[in-house]
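Engineer: return a 3D structure for these sequence lines:
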Amino acid sequence: MKHIKTFALIALFTSFIACQKDDETVNNPAPVVTSPSSTSVLKGAQADIEFSYTAKAGFSSAQVTATNGTAEIKTNGTAGATSGTIVVTYTAGTSSGAGSAVLSITDKDNQVSTATAVISVTEEELVISVSDNISQNTTWESGKVYVLESRIAVLSGVTLTIEPGVIVKGQAGTGANATALLVARGAKLMAEGTATSPIIFTSVADEIMPGQIESPNLDNTLNGLWGGLLILGNAPISADNPSIQIEGIPASDPNGLFGGNDAADNSGVIKYVSIRHGGANIGEGNEINGLTLGGVGSGTVIENIEVVANQDDGIEWFGGTVNVKNVIIWNAGDDALDTDMSWAGTVDNFVVVNAGDECMELDGPEGTMEAGHTIKNGIVSAQNADGLVDLDENSIVTITSVYFRDVKAGQDFDLNPAQLNVSNLQATLPAGAVVTDFFKGGSDTSVTLVNDGANTVGADITKLTGWSWAGVSGALNNL
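Structural biologist: Next up is the predicted model:
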């Protein structure tokens, strides 16, 4: 009887232990998966999404499914681990809208838990607002439009790179609120467009988008809708002080200072750039040029530049040593080419079409430093301009191989200072006119009359077409 009781106790104890193990199995909580924060993914792009989990019974396996895209496990959980992180790579589909990645975890007790990552599949942002000065190296990407909300400065020590085909649009604004892109002394602009993808600066009123060259809605004479592009450097200038404030920028903005003692200063590379509809006025007689070059050094590369319908000058040089080639100035409201403060560079291969005031205003030094510049290989289609060339008595200029056409009565090359070197000019004048009616002060001796289009000097138009609005529109035809 004693043995029977012993066996009964053993059986009862064994049963208790078994029941206890069953209870432990049943009492393990199901795994818990934490949903990550919602995220946005561009169409066709990928994003890594992290899920965290706990699994008291130990991790066994995981599966992921997706909507509006695909998903796969990049980093799985560790077998038997009671907690961890699983990384899922989500690849967005081709449709904008809601998407998701649903992760399911199974523990060693075959209990399952799921969590959902909410994803917004979006179009790429193509129009980008720029409201702050550029204080770190920045790239503006091809295929996008960048809107200047105010005067934006690229600060000293910083490089702004603008890729081919970018369109930069300035908001409307006058006075101190005029919008512009200003490259300060010590900064660089790397704006390298191409012959097939020029970089275009224009107004927000312009409906042009990447891939277009002609404006779909603005006339090529409409000006003053925003400011312009200003590049400032450390090269020498002829002024009362070695460095001064550039016109068009309020004196309160220290980024507007230019001038120095580095003739080889490098402000970057600007190629295949079209600047349109600018020249906003910040005060009486204080407008912004299409392209302002203040104390820009010879280390800077500027080629294939078009300025269309600027309310003030097309390009104005204030001292400096930079060379510029392949230039179009079309429908300038004031002067087409304007030089000041002993600019010591060369403009080579240019076309001026229909300036508002002078086709060229070429001023002399304003301080003790004296240097001269060269203007060569150009065509000037004067049309409605007030004058051909205006010079100071102290201008130091060489002008050679320029053809003047579409000239009207009252327009003239008005002064021949002692330091002006003029050679190999050609002109087509109105019927019955003589050279001295238009070319004054002895400059007539350097002019040969030719029939319309029979010139043998001038610009190479082939370098100015295709990428420019003037070229595509036909404004350069028959020049």
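
Engineer: the domain parsing of the chain - what is it?
Structural biologist: Using automatic domain parsing, the domain parsing of the chain gives 32-122, 127-473.

Engineer: possible to save those as TSV with mean pLDDT, mean neighbour count and distance to residue 479?
Structural biologist: Quick note: C-beta positions are derived from backbone N, CA and C, even for glycine. Formatted as TSV, those follow (pLDDT from 0 to 100; neighbours: other C-beta atoms under 10 Å; distance: least, C-beta to C-beta, whole Å):
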stretch	mean pLDDT	mean neighbour count	distance to residue 479
domain 32-122	95	17	46
domain 127-473	95	21	5
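
Engineer: for residue 421, which non-adjacent residue is spatially closest?
Structural biologist: residue 398 (4.3 Å; C-beta to C-beta, 6 or more residues apart in numbering).

Engineer: A helix includes residue 462, no?
Structural biologist: Yes. Counting by DSSP: H, G, I helix; E, B strand; the rest coil, residue 462 is part of a helix.

Engineer: chain center to the helix or strand in which the residue nearest to residue 421 is found: distance?
Structural biologist: Using DSSP states H and E, residue 398 falls within strand 397-405. When distances are taken as C-alpha atoms, centre = their mean, to the nearest Å, strand 397-405 is centred 33 Å away from the chain's centroid.

Engineer: and for stretch 84-92?
Structural biologist: 36 Å.

Engineer: and stretch 379-394, by the same measure?
Structural biologist: How far stretch 379-394 lies from its chain's middle: 32 Å, per C-alpha atoms, centre = their mean.

Engineer: ends of it, what's the gap?
Structural biologist: Stretch 379-394 has an end-to-end distance of 25 Å (C-alpha to C-alpha, to the nearest Å).

Engineer: what do you get for stretch 82-102?
Structural biologist: Counting by C-alpha to C-alpha, you get 20 Å between the two ends of stretch 82-102.

Engineer: check stretch 123-141 too.
Structural biologist: End-to-end for stretch 123-141, by C-alpha to C-alpha: 16 Å.

Engineer: which outside residues touch that stretch?
Structural biologist: Under the criterion C-beta atoms under 8 Å, 6 or more residues apart in numbering, residues 42-43, 96, 143-150, 152-155, 158-163, 166, 168, 210, 255 lie in contact with stretch 123-141.

Engineer: thinking again about what came up before, run through the bridge partners of the residue nearest to residue 421.
Structural biologist: Beta-bridge partners of residue 398, counted by DSSP bridges, are residue 374, residue 421.

Engineer: so what's it up against?
Structural biologist: For residue 398, the residues meeting the contact criterion (C-beta under 8 Å, 6+ apart) are 372-376, 420-423.

Engineer: go again with 7 Å.
Structural biologist: Neighbouring residues of residue 398 by C-beta atoms under 7 Å, 6 or more residues apart in numbering: 372, 374, 421.

Engineer: ditto for residue 63
Structural biologist: Residue 63 neighbours (C-beta under 7 Å, 6+ apart): residue 104.

Engineer: now do the helices in the stretch 201-350 of the chain.
Structural biologist: Read by DSSP state H, counting those that start in this stretch, the stretch 201-350 of the chain holds no helices at all.

Engineer: for it, which segments are assigned as strands?
Structural biologist: 229-232, 244-245, 257-258, 268-276, 291-294, 301-308, 315-318, 324-330, 337-340, 346-353 (DSSP state E, counting those that start in this stretch).

Engineer: assumed residue 471 was part of a helix.
Structural biologist: Yes. Counting by three-state DSSP, residue 471 is part of a helix.

Engineer: was I right about it contacting residue 465?
Structural biologist: Yes. Using C-beta atoms under 7 Å, residue 471 is in contact with residue 465, at 3.4 Å.

Engineer: ok, the closest residue to residue 240 other than its chain neighbours to residue 394 distance?
Structural biologist: With C-beta to C-beta, 6+ apart as the criterion, residue 240 has its nearest non-adjacent residue at 5.9 Å, and that residue is residue 367. In this view, residue 367 and residue 394 are 11 Å apart by C-beta to C-beta, to the nearest Å.

Engineer: before we move on, what about residue 425?
Structural biologist: Residue 425 sits 22 Å away from residue 394 when distances are taken as C-beta to C-beta.

Engineer: please apply the same query to residue 384.
Structural biologist: Separation of residue 384 from residue 394 (C-beta to C-beta): 29 Å.

Engineer: likewise residue 33?
Structural biologist: In terms of C-beta to C-beta, residue 33 sits 81 Å off from residue 394.

Engineer: over to residue 193?
Structural biologist: 37 Å.

Engineer: swap in residue 30?
Structural biologist: Residue 30 is 91 Å from residue 394, where distance means C-beta to C-beta.

Engineer: for residue 88, give me phi and psi.
Structural biologist: phi -110, psi 130 (degrees, to the nearest 10).

Engineer: kindly apply the preceding question to residue 125 instead.
Structural biologist: phi -70, psi 120.

Engineer: neighbours around it, how many?
Structural biologist: Residues lying near residue 125 (other C-beta atoms under 10 Å) number 9.

Engineer: tell me who's in contact with residue 255.
Structural biologist: With contact set as C-beta under 7 Å, 6+ apart, residue 255 has these partners: 153, 155, 182, 184.

Engineer: I'd say residue 336 and residue 357 touch.
Structural biologist: No. In this structure residue 336 lies outside contact range of residue 357 using C-beta under 7 Å: 8.6 Å.

Engineer: hmm, residue 28 is touching residue 56, no?
Structural biologist: Yes. Residue 28 lies in contact with residue 56 (C-beta under 7 Å); the separation is 5.0 Å.

Engineer: ok, now which ones touch residue 116?
Structural biologist: Residues in contact with residue 116 (C-beta under 7 Å, 6+ apart) are 35, 100, 102.

Engineer: quick one, phi psi at the last one?
Structural biologist: This means residue 102. Backbone torsions of residue 102, given as degrees, to the nearest 10, read phi -110, psi 120.

Engineer: how about it, what does it touch?
Structural biologist: 64-65, 114, 116.

Engineer: likewise the second one?
Structural biologist: In this structure, residue 100 makes contact with 66-67, 116-119, judged by C-beta under 7 Å, 6+ apart.

Engineer: at 8 Å instead, please
Structural biologist: By C-beta under 8 Å, 6+ apart, the contact list for residue 100 reads 66-68, 116-119.
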